[in-house]
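Asker: Give me coordinates for this.
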Amino acid sequence: MDHMFTILKNAHLYAPIDLGMQCVLVAAGKVVYIGDEIPRLDGILGVDVVDVEGAIVMPGLVDAHCHITGGGGESGPASRVPTPFLSSYTRAGVTSVVGVLGTDDLTRNTQTLLTQTYALREEGLSAWCYTGGYHLPLMTLTGSARSDIVNLEPVIGVGELAISDHRSSQPDFDAFVRIASEAHVAGLMSGKAGLLHLHLGDGERGLDLVRRALQETELPSRVFHPTHVNRNKPLCEEGLALSRDHGCVIDFTAFPDGHSDPGYDAAEAVLRYRHAGLDPSRLTVSSDGGGCLPHFDENGEMLRSGVGSPETLLATIRTLCGEGLDLAHALPPFTDNVANYFRLRGKGCIAVGHDADLVVVDEQFNVQHLMARGIWHVYAGLAQKTGTFEDGHSGR
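Answerer: Got it, this is the predicted structure:
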């Protein structure tokens with residue numbers, strides 16, 4: 001059903017700016033026209049015209065924290081989360097992902113993460129990844145974080161390095177800023193984001209290492225990208241202060257129901273951020289998709305766990321709009337804020353010359369159609385593309 005030319009007509013376009021009713025022409029995987037008139041093309045070209053009948057069309061979501069090889073492992077080998085399939089992203093409105101390693105950065109390492117990044121690209125998703133994981137010394141592929149970022153095209157930073165967590169390697173200040181410097185300099189050399197993506201646990205030290213680095217070194221604030229900042233309320237307040245006082249971009253996690261206590265769910269956290277009058281461009285929201293969401297006792301023993309899902313991103317957007325936030329203001333932390341900060345060119349925005357990553361949703365923000373790089377992955381609510389082994393056999 002894929003054509004060289006596709007026209008979406010009667011689309012209420014959020015780019016994420018509200019552009020009203022528009023037509024969108026897609027060719028060769030790119031958006032080539034946006035306007036209020038339907039382009040006239042010769043029928044011999046085999047043009048596919050899709051009337052979305054006034055439905056919302058928005059950019060594909062950019063999920064900057066996904067365990068694309070699966071997470072977990074905190075209570076033995078059987079607790080490792082399986083690798084998520086392609087449609088777990090596309091059915092959730094996600095067209096771009098950044099892969100991370102978590103607690104297990106040994107049996108799942110930078111090599112396996114990079115390989116899965118390439119696999120998702122082959123299946124039609126846009127994908128990048130980090131080097132390293134929770135622990136120091138970092139598990140790299142070429143010998144150093146700087147070399148991985150410079151020499152491995154999909155690798156855009158270091159992460160997720162764990163701090164303030166009993167599962168971390170308890171990095172001291174010198175080791176911490178050395179890794180941040182590696183990421184920063186590699187970003188300069190390669191033109192990539194060069195971020196240090198930081199897993200935050202519930203430890204009392206919170207964001208101390210980040211604040212100290214910003215006070216005592218020359219490293220710019222954009223290097224540090226703390227995630228899970230909404231996992232508890234004091235940490236969330238620290239994160240808001242870090243954004244206000246130092247200009248850091250912070251990341252909220254869209255936890256599934258029941259996993260935000262004792263913190264804020266992502267929608268609550270976004271609204272607190274906005275009510276604080278902070279720079280709206282310095283906020284991202286990610287899903288922790290495929291990651292284990294454990295609860296531990298005071299001795300560090302896992303009591304129970306859940307699994308993160310990209311589906312929570314659209315659920316968070318739905319909640320934000322239900323709370324009265326305009327969709328044009330709700331979308332950026334899931335789309336162009338992420339693409340701009342991570343330097344993912346052609347992503348996060350519907351614009352001429354950008355990749356044709358488009359999501360058509362109904363009034364409840366359920367995915368009706370999804371196009372990734374000009375190819376339909378979901379159409380009329382049904383998956384058109386699945387992972388290579390997703391249906392229990394080889395083939396797509």
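Asker: So which residue is dead centre in this protein?
Answerer: Centroid-nearest residue in the chain: Asp63, 1.7 Å away (criterion: CA atoms, centre = their mean).
Asker: CA atoms only for the strand or helix carrying it, dumped as PDB, please.
Answerer: In the assignment (DSSP states H and E), Asp63 maps to strand 61-66. Output in PDB follows, covering the C-alpha atoms of strand 61-66 (Å, rounded to 0.1, in the frame of the first residue of the first chain):
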ATOM      1  CA  LEU A  61       7.100  11.000  18.900                       C
ATOM      2  CA  VAL A  62      10.800  11.000  19.700                       C
ATOM      3  CA  ASP A  63      11.400   8.700  22.700                       C
ATOM      4  CA  ALA A  64      14.800   9.500  24.100                       C
ATOM      5  CA  HIS A  65      15.100   6.700  26.600                       C
ATOM      6  CA  CYS A  66      14.200   3.200  25.500                       C
END
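Asker: So what touches that strand?
Answerer: If you take CB atoms under 8 Å, 6 or more residues apart in numbering as the criterion, strand 61-66 is touched by 84, 89, 92-100, 160, 197, 227, 251, 253, 284, 286-291, 310, 313-314, 334-335, 338-339, 342, 344, 347-348, 359. The way it works is simple: take the backbone N, C-alpha and C, and place the C-beta from them, glycine included.
Asker: And Val24, how close does it get to Arg343?
Answerer: Computed as CB to CB, to the nearest Å, the Val24 to Arg343 distance reads 25 Å.
Asker: Which parts of the chain belong to which domain?
Answerer: 5-58+346-383, 60-342 (automatic domain parsing).
Asker: Can you give me the first-to-last residue distance of the longest one?
Answerer: Yep, that's domain 60-342 we're talking about. This stretch, domain 60-342, spans 15 Å end to end (CA to CA, to the nearest Å).
Asker: Tell me how far it lies from the chain's centre.
Answerer: In terms of CA atoms, centre = their mean, to the nearest Å, the gap separating the centre of domain 60-342 from the centre of its chain is 8 Å.
Asker: for stretch 45-58, same thing?
Answerer: The answer for stretch 45-58 is 26 Å, by CA atoms, centre = their mean.
Asker: What is the burial count for the closest residue to Gly374 other than its chain neighbours?
Answerer: Closest residue to Gly374 apart from its sequence neighbours, by CB to CB, 6 or more residues apart in numbering: Gly29 at 3.6 Å. Neighbourhood size, Gly29 [other CB atoms under 10 Å]: 15.
Asker: for Gly143, same thing?
Answerer: By other CB under 10 Å, the residues close to Gly143 number 9.
Asker: Same check on the one 3 residues further on?
Answerer: Other residues lying near Arg146 total 23 when counted by other CB under 10 Å.
Asker: Three-state assignment for it, please.
Answerer: helix (DSSP: H, G, I helix; E, B strand; the rest coil).
Asker: again, but for the one 3 residues further on
Answerer: Secondary structure assignment for Ile149 (three-state DSSP): helix.
Asker: What residues of the strand or helix carrying Ala213 count as buried?
Answerer: Element membership for Ala213 (DSSP H and E) is helix 208-216. In terms of neighbour count (16 or more other CB atoms under 10 Å), helix 208-216 has its buried residues at 209-211, 213-214.
Asker: could you give me the average pLDDT of it?
Answerer: The average of the pLDDT scores along helix 208-216 is 98.
Asker: Report the backbone C-alpha coordinates of stretch 128-142 in PDB.
Answerer: Extracted in PDB, the C-alpha atoms of stretch 128-142 (Å, rounded to 0.1, in the frame of the first residue of the first chain):
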ATOM      1  CA  TRP A 128      20.200   6.100  17.800                       C
ATOM      2  CA  CYS A 129      21.900   4.900  21.000                       C
ATOM      3  CA  TYR A 130      24.300   5.800  23.800                       C
ATOM      4  CA  THR A 131      27.600   4.200  24.800                       C
ATOM      5  CA  GLY A 132      28.100   2.800  28.300                       C
ATOM      6  CA  GLY A 133      25.500   2.200  30.900                       C
ATOM      7  CA  TYR A 134      24.900   2.500  34.600                       C
ATOM      8  CA  HIS A 135      28.500   1.800  35.600                       C
ATOM      9  CA  LEU A 136      32.100   2.900  35.500                       C
ATOM     10  CA  PRO A 137      34.300   1.900  33.900                       C
ATOM     11  CA  LEU A 138      32.100   2.300  30.900                       C
ATOM     12  CA  MET A 139      31.500  -0.700  28.600                       C
ATOM     13  CA  THR A 140      32.500   0.800  25.300                       C
ATOM     14  CA  LEU A 141      33.100  -0.700  21.900                       C
ATOM     15  CA  THR A 142      36.200   1.100  20.600                       C
END
